[in-house]
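Q: Have a look; sequence and predicted model below, questions after that.
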Amino acid sequence: MPMFRVLSIGSGALLITALLSGCVALEDRSTDTSSKPASTITSTVTATPTPEPETVASSTAASTTPVQCNVDPRTSDFGQFLAQSRTPVGELGATPDSVLQIPDMFYHFQMGENGYDSCAELSYVVLNGSNGGTLGPAGTGSAISDALVLFHNGQLVTHPAPFEMKEVESVTRISDSELQVIYGHAGGATAEGVTEKYTFTFFIDNGVLSGRGDLPKGIDGHLRLSLV
């Protein structure tokens, strides 16, 4: 499993170093199809015919079946939270990779969009939910928020912890390793709803998760999902 270490975080960028596991090489199997010398064969011998070339090829192909990609996030390390439909909630600590969990506070959610792919360098799920206590959401407009959870090669990214925003309006896949996100932010009174929009791009380059674009100035004060 890859290990992640936060390099930096702020309103402008996120950087994470990933120690990636290597690829597994599949060994080709060879089949000896040479015949016995002619002098050992008589008219009374009933030898097994030499396999045809296409038969050998089919056997080799079957032994090198590629690994199937998994698009079900319930099988990932985020599956335990999906089963409960909630995660603990915390606040950003003294360092970018630390989250201080708030006692008896949870983010109750349902999955709004599934972009998980265990074979992709970068994939995601969008959560729609609301903060509340142990038994359920608070039921207030200010408690409602969305969250984007990221995966690197199918592994849950916990540092930095996913942050809550009023809305995750859209996620667009640019490439296997790049996602563009449009966030809706409630910059005014709760009754006003979304008043600002921010475009932010997450991408992986040489095993490093980075970000570029704009986020609200007070993003460090947004609640985080405590996933560890």
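A: On my side now, so go ahead. Residues are numbered from 1 along each chain as shown.
Q: How far off centre is the strand or helix carrying Phe151?
A: Taking DSSP states H and E as the definition, Phe151 sits inside strand 144-152. Relative to its chain's centre, strand 144-152 lies at 10 Å (Cα atoms, centre = their mean, to the nearest Å).
Q: Run me through the strand neighbours of the very next helix or strand once past that strand, direction for each.
A: Proceeding N to C from strand 144-152, the next assigned helix or strand is strand 155-156, under DSSP H and E. Partners of strand 155-156 in the sheet, by DSSP bridges, are strand 144-152 (antiparallel).
Q: Show me which residues of the strand it pairs with are buried.
A: Going by neighbour count (16 or more other Cβ atoms under 10 Å), the buried part of strand 144-152 is Ile144, Ser145, Asp146, Ala147, Leu148, Val149, Leu150, Phe151, His152. Quick note: C-beta positions are derived from backbone N, CA and C, even for glycine.
Q: most centrally placed residue in the chain?
A: Centroid-nearest residue in the chain: Phe151, 1.9 Å away (criterion: Cα atoms, centre = their mean).
Q: returning to that earlier point: which one of the buried residues of strand 144-152 is nearest to Lys197?
A: Asp146 (13.2 Å; Cβ to Cβ).
Q: Tell me how far the residue nearest to the centre of the chain lies from Phe203.
A: Phe151 sits 14 Å away from Phe203, going by Cβ to Cβ, to the nearest Å.
Q: Could you name every residue contacting both of these two?
A: Shared contacts of Phe151 and Phe203, defined by Cβ atoms under 8 Å, 6 or more residues apart in numbering, comprise Leu122.
Q: now the strands for the protein?
A: For the chain, the strands defined by DSSP state E cover 3-9, 14-19, 86-92, 99-115, 122-132, 144-152, 155-156, 164-165, 167-175, 178-185, 196-205, 208-213, 224-225.
Q: Any idea which of these gets closest to Cys69?
A: Here strand 122-132 is closest among the strands of the chain (Cβ to Cβ), at 10.0 Å.
Q: Okay, buried residues for that closest one please.
A: Leu122, Ser123, Tyr124, Val125, Val126, Leu127, Gly129, Ser130, Asn131, Gly132.
Q: Do I have it right that the fourth one meets Asp117?
A: No: here Val125 does not reach Asp117: they are 10.6 Å apart, not a contact under Cβ atoms under 8 Å.
Q: Report pLDDT for Ser98.
A: pLDDT for Ser98: 89.
Q: What of the one 5 residues further on?
A: Looking at Pro103, its pLDDT reads 96.
Q: any idea how far Val194 is from it?
A: With Cβ to Cβ as the criterion, Pro103 and Val194 are 30 Å apart.
Q: can you check Ala186 too?
A: 6 Å.
Q: can you pull the contacts of Gly132?
A: Gly132 neighbours (Cβ under 8 Å, 6+ apart): Met105, Phe106, His108, Ala138, Gly139, Ala143.
Q: what's the neighbour count on the closest residue to Val89 other than its chain neighbours?
A: Excluding its sequence neighbours, the residue lying closest to Val89 (Cβ to Cβ, 6 or more residues apart in numbering) is Met105, at 4.6 Å. By other Cβ atoms under 10 Å, 17 other residues sit near Met105.
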